[in-house]
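> Any chance you can model this:
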Amino acid sequence: MASRVDGGKGHDNERGRVNKVAWILFVGVVPILVAAVVIGVALQFVGVPVWQTSLDVLGIRQPAATSQAAGSSAEQQVKAQQQQIAKLKSENANLTQETQADEKQIQALQNQVETLQKQQQVGTNHLQNGQQEAKVLAQMDASAAASVLQKMGADQAAWVVAAMPAETSGPILEALPTAFASSVLQQAADDTRMASQATTNSTNNTTSFGTVGQTP
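I've put the predicted structure just below:
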């Protein structure tokens, strides 16, 4: 009987301690929490970042900030790489245009060289034929040589006269009609000048053709 009375008293004492703790929490802690929440809501409402500041203080938002910084750095690297790629593409396009321009210039010079070489060959052939005819006419008297020149025509006769020394061609030209002699002399001067220019231009263009496209 006595043990039952002691057990009942112990149970009552334990219940009393629990009630005291609950009363302290209800009277002391709960009002403080309620007041803090009310103040926080009020401050948040007027524009004070209470929630964000609390997260920053507790360090909860730090991983998000770190992730954002890492993402920003990666984005900058991607942009830098894109700019570098665009720069390289632009340089490649410029080099391609320069190469195409050089190829066109080379082709134009090559065509010009071929044309001048053909002209030079024609002039060389005429000059060689004129030299052979000049040797034959030099052994004839002036009147006979003049008659042969007239039959050749002014163009061919001009090459023959151009191949003769002045002391040989002079008497022959005097035996020719004045108009024909003047035409032959003019044509001979033109043929000589053109042959000289063709030789010079061919040499110069061949040299230029070899230097086009070379990197300085």
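> Now do the same contact list for residue 143.
When the contact criterion is CB atoms under 8 Å, 6 or more residues apart in numbering, the partners of residue 143 are residue 175. Placement of C-beta: from N, CA and C, glycine included.
> which element is it on?
Secondary-structure assignment from DSSP states H and E places residue 143 in helix 142-152.
> What's the first helix or strand after that helix?
Remark: after helix 142-152, the chain's next helix or strand is helix 154-162, criterion DSSP H and E.
> ok, residues contacting that next one?
Here helix 154-162 has contacts from 126-127, 129-130, 133-134, 137, 149-150, 152, 169, 172-173, 180, 183-185, 187-192, using CB under 8 Å, 6+ apart.
> which residues are in contact with stretch 185-199?
Judged by CB under 8 Å, 6+ apart, the contacts made with stretch 185-199 from elsewhere in the structure are 116, 119-120, 123-124, 126-127, 154-155, 157-159, 161-162, 173.
> repeat that for 7 Å
By CB atoms under 7 Å, 6 or more residues apart in numbering, the surrounding residues in contact with stretch 185-199 are 116, 119, 120, 123, 127, 154, 155, 158, 159, 161, 162, 173.
> So which of the residues you listed wins on neighbours?
Of the contacts of stretch 185-199, residue 161 is surrounded by the most neighbours, 29 neighbours in total, counting by other CB atoms under 10 Å.
> Tell me how far it lies from residue 124.
Plainly put, residue 161 is 17 Å away from residue 124 if you go by CB to CB, to the nearest Å.
> possible to save the contacts of stretch 185-199 as a markdown table with distance to residue 72 and pLDDT?
Putting the contacts of stretch 185-199 into a markdown table (distance: CB to CB, whole Å; pLDDT from 0 to 100) gives the following:
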| residue | distance to residue 72 | pLDDT |
| --- | --- | --- |
| 116 | 66 | 76 |
| 119 | 71 | 74 |
| 120 | 71 | 74 |
| 123 | 76 | 71 |
| 127 | 81 | 78 |
| 154 | 88 | 87 |
| 155 | 84 | 87 |
| 158 | 85 | 88 |
| 159 | 84 | 89 |
| 161 | 89 | 89 |
| 162 | 84 | 87 |
| 173 | 94 | 90 |
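> can you tell me which two in the residues you listed are farthest apart?
116 and 173 (30.6 Å; CB to CB).
> which outside residues touch the helix or strand harbouring residue 170?
When secondary structure is defined by DSSP H and E, residue 170 falls within helix 166-175. Outside of helix 166-175, the residues that reach it under the criterion CB under 7 Å, 6+ apart are 137, 138, 142, 143, 145, 146, 149, 161, 181, 185.
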